[in-house]
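*Asks:* the amino acid sequence is not available; the structure is as follows:
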């Protein structure tokens, strides 16, 4: 299969193209420059493979949770490509991307800094076939309100920017031992390829118009008073 994956849900901007077993990828920390960087990345990987969009078999897009602006950029671009070439699309959670197909652990806690004293979090465990299964579905919560691990005796790995900002609170709330923490890890389109390919093989591809973001926040922006309340010290 010839598949294009892209993700702009966080400060990272990434694209990956798979043709057979060969993968061409681009990944940069873009800040707020996704709009400028993403089209160039897509053009580069297609040119490297000598392909046009019309020759693809599907488009895989990161659907968050993450930045509202970033998600809109990635989803709009993915939908545009898929509609032009009438391609099936699938969405992959940014938190599942963080678990990564190459992660050697059997259990991974993935956490993204959601700003305003909150995190997006999910937990994953490998099944007998090596595929990630959801242990804790993606949630938005305060770091100290992260639900406890289902079994405090099992050992986990931890990945994501949430640990760079709130490591102590997250580790304490989770309660189970964590063998390693990668707090620099960001979602990557290359990590979405294997997940999205399996989804497409199972017939889970949808028309581009039906591709939806995974929003965990109900509001795009908080008022100044709401922001101050979130930042206020607990118990004051």
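*Replies:* Cool, got the structure. What you are looking at is a predicted structure, and each value in this text was computed from that prediction instead of being measured.
*Asks:* so residue 79 is in which element?
*Replies:* Element membership for residue 79 (DSSP states H and E) is helix 68-85.
*Asks:* ok, now how distant is the residue nearest to the spatial centre of the chain from residue 114?
*Replies:* Nearest residue to the geometric centre of the chain (Cα atoms, centre = their mean): residue 94, 1.0 Å. Using Cβ to Cβ, to the nearest Å, residue 94 is found at 11 Å from residue 114. Every C-beta, even on glycine, is put in place using the N, C-alpha and C of the backbone.
*Asks:* likewise for residue 173?
*Replies:* Applying Cβ to Cβ, the value for residue 173 to residue 114 is 15 Å.
*Asks:* between the two, point out the one with more neighbours.
*Replies:* Between residue 173 and residue 114, counted using other Cβ atoms under 10 Å, residue 114 has the larger neighbour count: 22 against 18.
*Asks:* host element of the residue lying closest to the more buried one once chain neighbours are set aside?
*Replies:* Closest residue to residue 114 apart from its sequence neighbours, by Cβ to Cβ, 6 or more residues apart in numbering: residue 120 at 5.0 Å. Following DSSP H and E, the helix or strand that holds residue 120 is strand 118-126.
*Asks:* residue 59 too?
*Replies:* Using DSSP H and E, residue 59 falls in strand 58-62.
*Asks:* just the angle for that strand relative to helix 68-85, thanks.
*Replies:* Here the directions of strand 58-62 and helix 68-85 differ by 170 degrees (axes from the mean of the first three to the mean of the last three Cα atoms, to 10 degrees).
*Asks:* give me the mean pLDDT for stretch 173-192.
*Replies:* Averaged across stretch 173-192, the pLDDT comes to 96.
*Asks:* can you list the buried residues in it?
*Replies:* Across stretch 173-192, burial judged by 16 or more other Cβ atoms under 10 Å covers 173-174, 176, 178, 181-183, 185-192.
*Asks:* quick one: low-confidence parts of the chain?
*Replies:* Counting by pLDDT under 70, the chain shows low-confidence ranges at 101-103, 218-236.
*Asks:* and the buried residues of stretch 173-192, which of them are in helices?
*Replies:* 173-174, 189-192 (DSSP state H).
*Asks:* between the residues you listed, which is closest to residue 53?
*Replies:* residue 189 (15.7 Å; Cβ to Cβ).
*Asks:* you'd agree that closest one is up against residue 15?
*Replies:* Yes - the pair residue 189 and residue 15 passes the contact test of Cβ atoms under 8 Å, sitting 5.3 Å apart.
*Asks:* helices of the protein, start to end?
*Replies:* Residue ranges of the helices in the chain, as given by DSSP H, are 34-49, 68-85, 94-99, 162-174, 189-201, 224-231.
*Asks:* so can I have CSV of those helices showing distance to residue 152?
*Replies:* Output for the helices of the chain, formatted as CSV (distance: least, Cβ to Cβ, whole Å):
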stretch, distance to residue 152
helix 34-49, 39
helix 68-85, 34
helix 94-99, 20
helix 162-174, 9
helix 189-201, 28
helix 224-231, 29
